[in-house]
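Chemist: task: produce atomic coordinates for the following.
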Amino acid sequence: MVQVAAALLLALAAGLGITVILAMLKSNESAILSALLGEGAFMGDAAPQPGPATVIKLRPSAPRRHIARAIAARPQLGQPQFSRAA
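Modeler: The predicted model follows:
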């Protein structure tokens, strides 16, 4: 019984997936087909043109100070070195 329910659920999911793909193809057919053919979604002059991009100059940040801190590793006296679960 569980196998039949799983098969029906799989068939329903596959049908829903095919329906979504067909709806996408119907609503945006020309762009999808042109992309599959390698033409791209942009037509002729509407495509972005290569060239130098607009340069945005960022303000310099303050130099970072490297502070080395010595951390003293000292064992906790009240706790065992290994846990009891190990």
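Chemist: need the next SSE after the helix or strand hosting residue 22, C-terminal direction.
Modeler: Taking DSSP states H and E as the criterion, residue 22 maps to helix 2-27. Toward the C-terminal end, the helix or strand that comes next after helix 2-27 (DSSP H and E) is helix 29-36.
Chemist: in this protein, where is pLDDT below threshold?
Modeler: The model of the chain has pLDDT under 70 over residues 39-49, 65-86.
Chemist: how far away is residue 51 from residue 11?
Modeler: With distances taken as Cβ to Cβ, to the nearest Å, residue 51 is found 52 Å from residue 11. All C-beta spots, glycine's among them, are computed from the backbone N, C-alpha and C.
Chemist: actually, residue 34.
Modeler: According to Cβ to Cβ, residue 34 and residue 11 sit 33 Å apart.
Chemist: of these two, which one has the most company?
Modeler: Remark: of residue 34 and residue 11, residue 34 carries more neighbours, 14 against 10, as counted by other Cβ atoms under 10 Å.
Chemist: can you tell me how far the more buried one is from residue 28?
Modeler: 10 Å.
Chemist: please apply the same query to residue 6.
Modeler: Plainly put, residue 6 is 33 Å away from residue 28 if you go by Cβ to Cβ.
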